Each structure stands twice: as C-alpha cells, then as structure tokens.
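Novice: How does the following fold in three dimensions:
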Amino acid sequence: MSTRIAFLKGHGTENDFVIVPDPENAIDLPPAAVAALCDRRAGIGGDGLLHVVRSAAHPEARHMAAEAEWFMDYRNGDGSVAEMCGNGVRVFARYLQHAGYATEGDLTVATRGGVKTVHLAKDGDVTVGMGRAAFPEGEVTVSVGERSWPARNVNMGNPHAVAFVDDLAHAGTLYDAPPFSPASVYPDGVNVEFVVDRGPAHVAMRVHERGSGETRSCGTGACAVAVAAARRDGVDPAATGTPATYTVDVPGGRLVITELPDGQIEMTGPAVIVAEGEIDAEWLAGAVR
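Specialist: The predicted structure is shown next:
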C-alpha cells in the first residue's frame, strides 16, 4: 500500500462523508479504519464513508456491473456496513462528475440496496431514484425519556421508524439510539425519524441514524418520512394516478421527495465536494491497531 491515500470530503444537506476513491478495490478499510477516518476530532470527520469502487472489482457488486459501472460501498461512521444512504448517493454521483467519470445527465450507481438511477442537473441539484417504499406489518413504538409515540414502519432498502411529534425538541439529544418496541421488529437496529408539520405537504424532521447518531440529514429517512406523511394524509399515488411531492426540511437544508404512481420515489437535493487531500497510511495503520 502506498504511504498516501487520496480522499475527498463532501456533503449533501450537511450529511457529510469521507470519500475514498479506490476503483480496483485495492484499499483495505476494516471497520476500525472507517471509524478512525470518520472521527471528528482525531480523524477527518464524517457521518459515513463513501468507498468508490468499480462494480466489477467488488465481490458484492459484480452481479450489478452490467447495469452500473460504479459501486457505492457505504459505511456508517462507526465502521458498520449499511445497505443504502440517499444523501451519500448524491455525493457519490457528484464525486464521479468531479473526477470526470460522469457528466450532466443520467447515470446509474450500484448499492447494497440495488442499482439506483441518478440525474445530475445543470443547476447543481442531484435527483436519485430511490426505489419503492415497503411498509412491513406490525405496530412499532419509539421512546425518548418518558415520552412514547407510535411509529410507521417503512423500509427504503434500510429500516426506518417514523414518529409524528408535536415538537422536534421532544426527540431529545439523540446521542443514543431511541428505544423501540417490540425489539423483534428491527433485529439489526433502525433509523428513527421524528417529524412535525410545517404546512401542506411540508414537514420537518430530525433523525437518529443507525450507526452514526443524530445527523444533519438522512436521504432514505426523508423518503420514509414523505411516504409516511402522505399515507397519514390519505395520499397514495398508486390509487390516484398522480405524483405526490413533499418538501422535507432537515437540520442541514431541504430535500424534495416525489412518489410516482408506480411507487418509485425520487429525491432531489444538493451535493457538494468541499475538499480533497491525502490520508497518511502510517497514521491509519496506527489508528487501527
């Protein structure tokens, strides 16, 4: 391994990521290395890490190589592997454009949640086809301190519990994962969204992301919130034949979520590359020990 490893830093509505370009999947990134890189005091800092690999070079993505040249090998800030990250896909696509691997228009990105279609617009926004939402059966309750709320169980390729509350402050600090019940509903943990109304088809949210804590934004979470709000409001594009669009405010900005009559969900928002540099491989090796 070289003594220097290239990296970039980017964010989508302030959900920030360390980006490690590694087309041939030659860099070993065990959980401890990812956690060290994402550490905000001793590392670069980020809610997660985007490992940029050609699909054909990664054993988990080879079967998608014919559909998407690039695989987003996404890791949470604690080093754990995640199925999907909506803001991460936008930043991943922006990196591909920044590096000259993609241009304005459409492209595809392989993820553990399947192949995602991305559109890079001239105005700088990025739209991601996030797939369909699933609504697993079973009642769910989430709690913070003495308060508890019923939550809508939504799966966007990763699990979400969406709770509508009177005040976002009721979510507390979100340093720790909010308790949920029954425990059997989310055996691998869950992303928990707390939601308030801001106006017609307009909500605001805070989120505790599984493996990362509270983040400034969560793309899959915003999609889960939008469809949960639509169903609460009696809106179902599959029944009406008309797309439903919700604006979702997150602490780091604003996302626009559209559910189409065929169930496909599109998420539009910004994606920014803010810096690039080199990681000292000796430091990283020492951080992992």
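Novice: quick one, domains of this structure?
Specialist: 4-124+271-288, 140-268 (automatic domain parsing).
Novice: Quick check: end-to-end length of the last one?
Specialist: In other words, domain 140-268. 29 Å (Cα to Cα, to the nearest Å).
Novice: Next: stretch 63-77.
Specialist: For stretch 63-77, the end-to-end distance is 27 Å (Cα to Cα).
Novice: So what touches it?
Specialist: 29, 31, 34-35, 38, 46-56, 58, 60-61, 81-82, 84-85, 88-89, 92, 96, 101, 108-112, 114-115, 209-213 (Cβ atoms under 8 Å, 6 or more residues apart in numbering). To be clear about C-beta, it is placed using only N, CA and C from the backbone, and glycine gets the same treatment.
Novice: Buried only: go through those residues for me.
Specialist: Buried by 16 or more other Cβ atoms under 10 Å: 29, 34-35, 38, 46-56, 58, 61, 82, 84-85, 88-89, 92, 96, 101, 108-112, 114-115, 209-213, out of the contacts of stretch 63-77.
Novice: Among the contacts of stretch 63-77, name the ones in helices.
Specialist: 31, 34-35, 38, 88-89, 92, 96 (DSSP state H).
Novice: Apart from its chain neighbours, what residue comes closest to residue 19?
Specialist: Counting by Cβ to Cβ, 6 or more residues apart in numbering, residue 8 is the residue found nearest to residue 19 once chain neighbours are left out, at 4.1 Å.
Novice: and what of residue 95?
Specialist: Counting by Cβ to Cβ, 6+ apart, the residue nearest residue 95 is residue 19, at 5.3 Å.
Novice: OK, contacts around the one you found?
Specialist: 7-10, 49-50, 52, 91-92, 95, 273.
Novice: residues touching residue 32, list them.
Specialist: 79, 287-288.
Novice: please redo it, this time with the cut-off set to 7 Å
Specialist: 79, 288 (Cβ atoms under 7 Å, 6 or more residues apart in numbering).
Novice: thinking again about what came up before, could the domains of the chain be laid out in a markdown table, adding distance to residue 130 and mean pLDDT?
Specialist: As requested, those are exported to a markdown table (distance: least, Cβ to Cβ, whole Å; pLDDT from 0 to 100):
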| stretch | distance to residue 130 | mean pLDDT |
| --- | --- | --- |
| domain 4-124+271-288 | 6 | 95 |
| domain 140-268 | 4 | 96 |
